[in-house]
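Colleague: predicted model, plus sequence, below.
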Amino acid sequence: MNAPAEVKSVERMVGIDLARCIAIIGMMIINFNETIARSYEGSGLLLHFVRFIPGRAAVTFVMLAGIGMSFMGRRARLSGDSLLRRKVRTSLLKRAGLLFLIGMIFVISWEGDILHFYGVFIFTGALMLFWPARWLWACTVLLNIGFVAMLMTFSYGVGFDWENDLNLVNFWTIKGYARNLVFDGWFPIFPWFGFLLMGIWAGRLDLRSHSVLLRLGLGGGLVFIVAEVASRVLSGYLESTFPGMRHIVIQGLVGRGCLPPGPLFFLSTAGGSLLLITLCLFIAEKYRKARWMEPLVATGQFAFTIYLAHVYLVIIPLLYLGWEDVPISQSVATALTACAIFMVFSTLWKKRFGRGPLEWVMRRVANGNPTAS
């Protein structure tokens, strides 16, 4: 590979880190609102924003994970080297195991944990990493069809206590955990695993090409707009035409909310995430030398550490101090303040140690060498 291509590849990875930074900021705003504000009532631009973003930051994280898996497996996929493919899969399976273990411990104190789902997604994705693109697309479609079929067959949401802050019900039983993982958890395999598959597909594209990025971004944006408009139109139609139909079924069929995650939610969030990622790749290339990029990129690279830290070091202490039912504006301001503190921490830690604390552990477990590329 020639030098310009190598430089450009590094710039694109900065764009991925930037997208991950935006996703962790979005997730922190959501988590602060769900715990210390716990309200989506009222009106105004800020309230519309916090109603809109739930689930979308997590979708971006899952898609970025798929893109990262594609990057890891690119040489093995193109060469067809079975030994190299086995090495990539082994590394991914180790990462998946560690994420699952940490997530299952974390869920004891944070029931909205995504890490144990992440572990299952990456474990399964590692086995499918070298599948043809058409199989990835077909599986994604089937995941969405399967979710709708289950929604029409089973009672959705029995895994949540809807009257008590959506606490999990029977999670620590075999049946309860299986339902949570597959169907009615926060990030169930049906259809959330499809986001990882879409990331694997996107990661195979030439993300160094402006024309590819332009098509990917415009395509994602178009899908996002069509899904949002279709959801509004169809939701109103079904509610007026079939007044006896359960609201949660309507939402699962044509809604764009994350509970339940229906097909239009999938299309809207997948399209929006692809648009965000391509914009970040363009921005990173144009402003790669700007000083303001440094803390954003560092934050994206420390997302794993920040994800756990913002709960244990900020949210739980605030709840212990009695911060509950605060105004949305205060919740968002607190989240952004925490983000700024984590940005400073990430920037300083990166200059001194390179990788984040948990990122170092992940690298060590997966590769046996924390300095390996």
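Modeller: Done, it's in. Keep in mind that what you see is a predicted model, and the values were worked out from it rather than measured.

Colleague: what's the end-to-end length of stretch 104-123?
Modeller: By C-alpha to C-alpha, to the nearest Å, the extent of stretch 104-123 from end to end equals 15 Å.

Colleague: and that stretch, what's buried?
Modeller: 106-107, 110-123 (16 or more other C-beta atoms under 10 Å). Just so you know, the C-beta spots here come from the backbone N, C-alpha and C atoms, and that holds for glycine as well.

Colleague: I would like the residues contacting it, please.
Modeller: With contacts defined as C-beta atoms under 8 Å, 6 or more residues apart in numbering, stretch 104-123 is touched by 31, 34, 58, 61-62, 65, 69, 92-93, 95-103, 166-168, 171, 181, 185-189, 192-193, 196, 307-308, 311-312, 316.

Colleague: quick check, pLDDT for F187.
Modeller: As summarised for this prediction, F187 has a pLDDT of 98.

Colleague: report the contact partners of it.
Modeller: Contacts of F187 by C-beta under 8 Å, 6+ apart are 58, 62, 114, 117.

Colleague: and whichever helix or strand the last one is part of, how far out from the chain's middle?
Modeller: Spelled out, it's F117. Assigned by DSSP states H and E, F117 falls within helix 115-128. For helix 115-128, the separation from the chain centroid amounts to 13 Å (computed by C-alpha atoms, centre = their mean, to the nearest Å).

Colleague: so after it, what's the next helix or strand?
Modeller: Defined by DSSP H and E, the subsequent element after helix 115-128 is helix 133-153.

Colleague: buried ones in stretch 287-296, by neighbour count?
Modeller: 288, 293, 295-296.

Colleague: max pairwise distance over those residues: which two?
Modeller: R288 and P295 (14.0 Å; C-beta to C-beta).

Colleague: backbone dihedrals for V332, please?
Modeller: Dihedral pair for V332: phi -70, psi -40, per degrees, to the nearest 10.

Colleague: name the nearest residue to it, ignoring sequence neighbours.
Modeller: Distance criterion C-beta to C-beta, 6 or more residues apart in numbering; nearest residue to V332, sequence neighbours excluded, is I29 at 5.8 Å.

Colleague: where's the one you found relative to V14, distance?
Modeller: 23 Å (C-beta to C-beta, to the nearest Å).

Colleague: what does S346 give?
Modeller: 14 Å.

Colleague: neighbour count: those two, which is higher?
Modeller: S346 (24 against 21; other C-beta atoms under 10 Å).

Colleague: I'd guessed the residue nearest to V332 sits against T334; true?
Modeller: No: between I29 and T334 there is no contact under C-beta atoms under 8 Å: 9.5 Å.

Colleague: which parts of the protein are strands?
Modeller: 160-161, 167-168 (DSSP state E).

Colleague: just give the closest residue to G219, not the sequence neighbours.
Modeller: In space, G219 is closest to L274, 7.1 Å off (C-beta to C-beta, 6+ apart).
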